[in-house]
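In: Structure for the following, please:
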Amino acid sequence: MDSAAFGREVFDRVSGLLSGINRSPFLFVGSGLSRRYMGSEDWAGLLEWVCDSVGAPMKPLYVYRSQAVNELGGAETPYPLMARLMAADFLDALGSPHMAGWASSHREEFEREGRSPFKVYLCEHLRTFTPRLMTDELDVLRGAANHVAGVITTNYDGLVDSLFPGYQRFVRQDELLFTPVTGVGEIFKIHGSMDDPDSLVITDRDYEHFENRKTYLTAKIMTIFGEFPIIFLGYSLSDPNVLGIISAIAECAGRERARELASRFVFVEFSPDPTGFRIDPRHGVMVSNGSQVEMTCIRTNDFTPIYRAIASTRQLYTPRFLNQLSRQVYSIVYSGHASETVLSRDLEQLGQYPQDAKIVIGVGPERYGRPVDGDDLYRDVLFHDQGLDANLVVGTYLDRMLRSREVPMFHYLAQYDGPLGPRIRQEVAEKRDLDSYLSKTERDRRDRLRGKLRSKDIPGLVHLFRGDAYKHVTLLEQSELDAGQLEELLKPVARDMLERTGKLDSPIRKDIRILDFLRDGVSYRERRTRPSEHCRC
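Out: Below is the predicted model:
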């Protein structure tokens with residue numbers, strides 16, 4: 001499979017998963033993403049940079065590794081202990097001539113604020129990195145930012161802050177305890193941030209303190225994992241942070257529930273070798289309680305299709321706006337005077353105000369949210385991802401829509417039991433079979449060209465017309481069309497159109513109306529024309 005075809009398969013896989021759950025995803029971001037876009041080091045590289053940049057009396061990194069491995073008895077992850085050993089030697093290094101100037105410039109910070117010199121030194125280094133690599137791919141991720149519910153990251157650097165500038169940040173666990181958490185438009189930097197050196201979780205004692213106080217954080221992460229699809233970026237499948245989170249879920253949720261949650265996970269693993277590109281929809285991960293959970297694993301060197309799939313999700317308002325709205329909604333009390341300033345603005349503009357702005361919002365009868373339009377119906381009938389209520393569609397919008405254009409309708413009529421408007425009744429009466437969807441030109445074309453088909457069904461169309469098969473569905477008779485096969489034909493074509501242009505062309509719109517008739521229209525008409533048992537005929 002070439003890279004373009006693989007990219008389309010990745011887009012379909014991720015967008016299909018997100019559409020099925022009908023929620024914007026949370027991103028779980030590791031150091032691999034910072035290396036990819038900023039050229040920063042991984043954990044071992046960061047510690048090695050300290051050793052090299054400071055010099056004596058710091059030791060080479062391999063010495064600290066040997067000390068840590070010997071003390072831990074061969075533990076697989078010695079870095080936290082290595083960091084503590086290095087922090088002690090770093091204090092001694094501050095007395096050396098080449099570090100004296102740096103130590104003097106931070107003396108007040110160390111003496112009055114009690115900050116760790118080792119962590120301050122690390123944070124200064126991390127602040128030198130900015131997003132500068134693979135900028136085309138990174139721009140696609142920025143374009144998808146409004147479709148990301150939130151971010152959980154173990155990184156200290158500022159990459160995710162720059163990508164999601166309006167999101168509420170949580171760095172310390174006490175911030176989670178004393179601040180209302182909404183679950184949208186938020187960044188959880190669970191191992192600290194370079195903006196707050198004391199918050200860094202890097203030494204073994206930091207991790208012990210973190211473990212002793214992580215109860216609320218774990219509960220919050222569990223809630224997020226239970227409600228949102230999760231896309232892991234910048235980790236390896238052997239990363240202890242990832243395995244620890246998944247193990248905690250398996251232990252708390254139970255085996256069956258853990259499997260259900262893991263079915264929402266997409267793990268993206270970097271593979272530099274094109275022969276290693278693959279999608280494994282049921283990759284098994286062994287967790288600490290001995291059970292195995294399965295998730296979708298994508299190995300690739302191109303993350304662009306994943307970001308485009310995220311951007312293809314539909315939502316009315318951005319996570320940043322929903323976060324701000326949930327924190328700052330006030331009621332208007334008609335008491336003769338106002339206690340707050342009343343602003344008259346479109347809802348979409350509210351995300352531009354400062355996070356501490358006091359805003360009063362009034363909802364009037366003219367526009368409640370966003371009206372349903374024909375594009376919503378086409379997407380909903382094909383993908384079932386818009387969550388449209390049948391009573392709302394039929395009772396409020398459908399009759400008016402049908403006066404000016406054709407739209408799919410039987411999906412909603414089949415769920416509706418109220419009175420019908422005059423245009424709906426006329427349309428139901430006219431749409432009695434497949435031929436009623438065809439113009440005279442299309443019926444003549446069907447009679448003239450259908451003889452070229454190897455088989456008179458969807459596979460026959462695909463064999464003759466390849467990627468344009470959807471444009472020739474009208475060559476088939478009603479008895480030759482299988483609704484399931486037609487749906488499988490249309491979905492990838494529609495996703496590609498929506499990704500490229502944001503719109504569906506006329507042939508696929510007609511196909512969706514035909515699919516709507518085959519799936520729900522035939523049975524709906526039979527049900528309406530069948531005499532009631534109470535009817536006196």
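
In: Show me the helices in the stretch 101-250 of the chain, by range?
Out: Using DSSP state H, counting those that start in this stretch, the helices of the stretch 101-250 of the chain run over residues 107-111, 117-126, 135-143, 159-163, 173-178, 204-212, 215-227, 240-253.

In: so Arg127 touches Gly158, yeah?
Out: Yes: here Arg127 lies in contact with Gly158, judged by CB atoms under 8 Å, at a distance of 7.3 Å. No exception for glycine: its C-beta is placed from N, CA and C like everyone else's.

In: Okay, domains of this protein per the record?
Out: Domain ranges of the chain: 3-40+130-311, 43-126, 374-529, per automatic domain parsing.

In: Quick one: those as JSON lines, columns for mean pLDDT and mean neighbour count too.
Out: Converted to JSON lines, these look like this (pLDDT from 0 to 100; neighbours: other CB atoms under 10 Å):
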{"stretch": "domain 3-40+130-311", "mean pLDDT": "84", "mean neighbour count": "18"}
{"stretch": "domain 43-126", "mean pLDDT": "91", "mean neighbour count": "16"}
{"stretch": "domain 374-529", "mean pLDDT": "92", "mean neighbour count": "16"}
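
In: that older thread, to Val407, which of the helices of the stretch 101-250 of the chain lies closest?
Out: Closest approach to Val407 among the helices of the stretch 101-250 of the chain is made by helix 135-143 (29.2 Å; CB to CB).

In: so Phe110 sits right up against Pro117, yeah?
Out: Yes: here Phe110 reaches Pro117: they are 5.7 Å apart, a contact under CB under 8 Å.

In: So for these two, which residues contact both of them?
Out: Contact criterion CB atoms under 8 Å, 6 or more residues apart in numbering; residues shared by Phe110 and Pro117: Ala103.

In: Would you map the strands across this structure?
Out: Along the chain, counting by DSSP state E, strands occupy 26-29, 150-153, 168-170, 186-189, 230-233, 265-270, 278-286, 292-300.

In: got JSON lines for those strands, with distance to Glu48 too?
Out: Below are the strands of the chain laid out as JSON lines (distance: least, CB to CB, whole Å):
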{"stretch": "strand 26-29", "distance to Glu48": "22"}
{"stretch": "strand 150-153", "distance to Glu48": "22"}
{"stretch": "strand 168-170", "distance to Glu48": "29"}
{"stretch": "strand 186-189", "distance to Glu48": "23"}
{"stretch": "strand 230-233", "distance to Glu48": "24"}
{"stretch": "strand 265-270", "distance to Glu48": "21"}
{"stretch": "strand 278-286", "distance to Glu48": "29"}
{"stretch": "strand 292-300", "distance to Glu48": "27"}
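
In: Of these, which is nearest Asp444?
Out: Asp444 sits nearest to strand 278-286 of all the strands of the chain, at 43.8 Å, using CB to CB.

In: who does the closest one touch, helix- and strand-wise?
Out: With contacts taken as 3 or more CB pairs under 8 Å, 6 or more residues apart in numbering; DSSP states H and E, strand 278-286 sits against helix 3-21, strand 292-300.

In: The first one - contacts with which helices or strands?
Out: Read it as helix 3-21. Helix 3-21 packs on strand 278-286, strand 292-300, helix 304-311, helix 483-500, going by 3+ CB pairs under 8 Å, 6+ apart.

In: I'd like the distance from it to the chain centre, please.
Out: 12 Å (CA atoms, centre = their mean, to the nearest Å).

In: What lies in contact with it?
Out: With contact meaning CB under 8 Å, 6+ apart, helix 3-21 is reached by 1, 24-25, 228-229, 231, 264, 266, 274, 277, 279, 281, 296, 298, 300, 302, 304-306, 308-310, 312-313, 383-385, 491-492, 495-496, 499.

In: Which one of the strands of the chain lies nearest to Arg446?
Out: Comparison of the strands of the chain against Arg446 by CB to CB identifies strand 278-286 as nearest, at 37.9 Å.

In: partners of that closest one in the sheet?
Out: strand 292-300 (antiparallel) (DSSP bridges).

In: Can you tell me what sits against the partner strand?
Out: By CB under 8 Å, 6+ apart, strand 292-300 touches 6, 10, 13-14, 17, 237, 246, 250, 258-259, 261-263, 265-271, 276-287, 306.

In: Apply 7 Å and report the result again.
Out: Strand 292-300 is contacted from outside by 10, 13, 17, 246, 250, 258-259, 262, 265-269, 271, 276-287, using CB atoms under 7 Å, 6 or more residues apart in numbering.

In: now stretch 427-444
Out: Here stretch 427-444 makes contact (CB under 7 Å, 6+ apart) with Leu402, Met409, Thr474, Glu477, Gln478, Lys510, Arg513, Ile514, Phe517, Gly521, Arg525.

In: Over to stretch 231-242?
Out: Applying CB under 7 Å, 6+ apart, the external contacts of stretch 231-242 come out as 25, 27-33, 77, 154, 265-269, 285.

In: let's see 8 Å
Out: Under CB under 8 Å, 6+ apart, the answer for stretch 231-242 is 14, 25-36, 76-77, 154-155, 265-269, 283, 285, 297, 303, 306, 310.

In: Render the CA-only coordinates of it in PDB, please.
Out: C-alpha atoms of stretch 231-242 as PDB (Å, rounded to 0.1, in the frame of the first residue of the first chain):
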ATOM      1  CA  ILE A 231      -5.500   9.700  21.300                       C
ATOM      2  CA  PHE A 232      -2.000   8.900  22.600                       C
ATOM      3  CA  LEU A 233       0.800  10.900  20.800                       C
ATOM      4  CA  GLY A 234       4.500  11.000  21.500                       C
ATOM      5  CA  TYR A 235       4.700   7.800  23.600                       C
ATOM      6  CA  SER A 236       5.900   4.300  23.000                       C
ATOM      7  CA  LEU A 237       3.700   1.300  24.000                       C
ATOM      8  CA  SER A 238       6.300   0.400  26.700                       C
ATOM      9  CA  ASP A 239       6.200   3.800  28.400                       C
ATOM     10  CA  PRO A 240       5.600   3.400  32.100                       C
ATOM     11  CA  ASN A 241       3.300   6.500  32.200                       C
ATOM     12  CA  VAL A 242       1.000   5.000  29.600                       C
END
